[in-house]
Structure formats: C-alpha cells, structure tokens
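>>> make a model of this:
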Amino acid sequence: MSAQFSEFVTEHAAIAFAFAGVTVALVYTELSRLTRGYKAITPAQLTALINHENALVIDIRASAEFEKGHIVGAKNLTPSQFDPENKVLAKVKELPVVLVCRTGITVSAPAKRLVKAGFSRVHVLDGGIAAWQQAELPLARGK
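I've put the predicted structure just below:
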C-alpha cells in the first residue's frame, strides 16, 4: 500500500502537492475560525438573540446605505466611528453584540477589536444585510 502511495506521489507530484496545500489551508482556516473569539450567526439566530437576549445590533455600513434599509433597532457606527470604548458600546459589554455589514466580510476587523476590548459575546451576521434580505426579514428605513 505504501509503495503504491509513493509511486502515485512521484508520478503525480503536482496533484499530491495541491492536495497537501488544500489540506493545510483547510486546517488553518478552521483553526483560525475556532480561535477568533467571535461567532458568525444566521439571520434566524440573530432574530432569536434580538428577541430573547436584547442583543445590540451595530450596522457598520455607510450612513446613506443604513438609511436605505437596516435591521430594526440597529445602531449605525461606521468603521471610522468604531471604537470599543464608544458610549453606546461601553454600556453593553455583557450583552450579545452583533455586527452587520453589506455581505458579512468587512465586520471581522471591528469584531476582533471588540473581542480584544473585553466584549465576551461578539457575533457577526453571516452574509450581512444581504442574507437578512434574502431571508425576507423586515428592514427599517431612515435613521
């Protein structure tokens, strides 16, 4: 068996190295996801956090985007305004805090800042406001 494996690797080195690279990348991605200190949640999980645990939803999109449509009760803090010691945030270190952006990609840096500042229950909306809309959940307009 090991002779066949060795023969395969020597004859198909590119495939073997590609497989090894993909395996290392997957392990790294999963380990970093598990140790980042915050959790990605679905729109349904966010709804439960809002309804049962009084979660604070922070939308980090630009004000103009926020005014076009945001999750009911969300606060708008753009990345330039984002400071874990902000008066809105300082009061809620023990509550669940959920960060929302357009697609769920740009929230990782602010989420890491909250975790570093001592927030214990930090979440990000997986897929962002786009996932919320796709789930056909309500949006509020204006400020």
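
>>> for the most centrally placed residue in the chain, what are phi and psi?
Nearest residue to the geometric centre of the chain (C-alpha atoms, centre = their mean): residue 124, 3.5 Å. Backbone torsions for residue 124, taken as degrees, to the nearest 10, come to phi -130, psi 150.

>>> do the same with residue 122
According to degrees, to the nearest 10, residue 122 has phi -100, psi 130.

>>> where does it land on pLDDT?
Listed pLDDT for residue 122 reads 93.

>>> who's the residue nearest to the centre of the chain bridged to?
residue 40, residue 99 (DSSP bridges).

>>> gap between it and residue 5?
Residue 124 sits 41 Å away from residue 5, going by C-beta to C-beta, to the nearest Å. The C-beta positions use only the backbone N, C-alpha and C, and glycine is treated the same way.

>>> please apply the same query to residue 42.
For residue 42 relative to residue 5 (C-beta to C-beta), the value is 41 Å.

>>> can you count the residues close to residue 46?
Here the number of neighbours of residue 46 (other C-beta atoms under 10 Å) works out to 24.

>>> which residues are contacting the strand or helix carrying residue 47?
Secondary structure assignment for residue 47, by DSSP states H and E: helix 43-53. Outside helix 43-53, the residues that touch it by C-beta atoms under 8 Å, 6 or more residues apart in numbering are 41, 55, 57, 71, 73, 95-96, 98, 123, 125, 127, 131-132, 135, 137.
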